[in-house]
Structures are given as structure tokens and as C-alpha cells.
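[1] Only the shape, not the letters, is given here:
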């Protein structure tokens, strides 16, 4: 499901094929895009149903997939107890980003939270790219 979403983000002309230009354009956004382009890409990856809103379920599912992938790539054991702790932090982050309290995060709310280093959401995004998650081969 997540791979299909990523495929669709690369398939700009929606012809069910990613040509070299689309592939390079997508990689360019990921690696060299502006902050706003990268945020739009990340938002689209979380918005799995494509309705322009990230639900709490989509938010949690995205980060769970990221943590599981991080564990698999680095050969770490995924610990359910640790995930439950992280899930609590994610729920607080989600609620903090949902400024209008409608149960979902739109792109504006996403940008506002992601750009604010004092917001718990910003911290969750930072944690994903931080290798300090690993301690003796276990997600800590």
C-alpha cells in the first residue's frame, strides 16, 4: 500500500508508469527539493487515502512502518513495548498538530508543526533521521 502511494507520487502524468524523467524528478525533490517540496512529499506519503488530510490512523501507521523499516534495515529487533511508548508520543504530537481539532491534519497544520522546533511533531520527524534510536542492535 505504501509503495503504491510512493509510486503514484513519482508517476506525475498518472499513466501507471514511472519514466526516467519522473523518477529523477522525484529523487530530486527528496534529496534536493526545497523545504516546502519535501514537506509536500512527506505529507503525501502520510495521506494514504489522498483526501488532503492525515488521519490519526494514517499518522500512526506511517511512523510504525518507518520504525519497522528502520529496524529491518539495521538488523534490529522491533520491540512492541518500545513501540507502544513511541505511539503515545506520536498521539500527543498528532493532537498538537491538529490545530482546528477536527481529528485530522491538513497540509497547513503539517507545515506549521514540522517547521516549529518547539513542537513535538518536529521532534518525531527528527527522531526518524537520528541514528541514536539504536543501542546494541535494539530500538531504544
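    Thanks, I have the structure now. Model, not experiment: these values are computed from the prediction. Numbering: from 1, shown residues only.

[2] wait, doesn't residue 103 sit right on residue 56?
    Yes: with contact defined as C-beta atoms under 8 Å, residue 103 counts as touching residue 56 (6.7 Å). Yep, even glycine has a C-beta here, placed from its N, CA and C like the rest.

[3] Would you list the phi and psi of residue 104?
    Per-residue torsions, residue 104: phi -150, psi 160 (degrees, to the nearest 10).

[4] out of everything not next to it in sequence, what's closest to it?
    Excluding its sequence neighbours, the residue lying closest to residue 104 (C-beta to C-beta, 6 or more residues apart in numbering) is residue 53, at 3.8 Å.

[5] sorry, back to before: between residue 103 and residue 56, tell me which one has more neighbours.
    residue 56 (15 against 11; other C-beta atoms under 10 Å).

[6] Leaving out chain neighbours, which residue sits closest to that one?
    Leaving aside its chain neighbours, residue 56 sits nearest to residue 94 (5.4 Å; criterion: C-beta to C-beta, 6+ apart).

[7] wouldn't that neighbour be in contact with residue 105 here?
    Yes: between residue 94 and residue 105 there is a contact under C-beta under 8 Å: 6.9 Å.

[8] Need the overlap of contacts for these two.
    The contact sets of residue 94 and residue 105 overlap at residue 59 (C-beta atoms under 8 Å, 6 or more residues apart in numbering).

[9] quick one: which of these two has more around it?
    More crowded of residue 94 and residue 105, by other C-beta under 10 Å: residue 105, with 29 against 24.

[10] Just list the residues touching the residue nearest to residue 56, thanks.
    Counting by C-beta under 8 Å, 6+ apart, residue 94 makes contact with 56, 59-60, 105, 121.

[11] one more time with 10 Å, if that's ok
    54-60, 63, 103-105, 113, 120-121, 124 (C-beta atoms under 10 Å, 6 or more residues apart in numbering).
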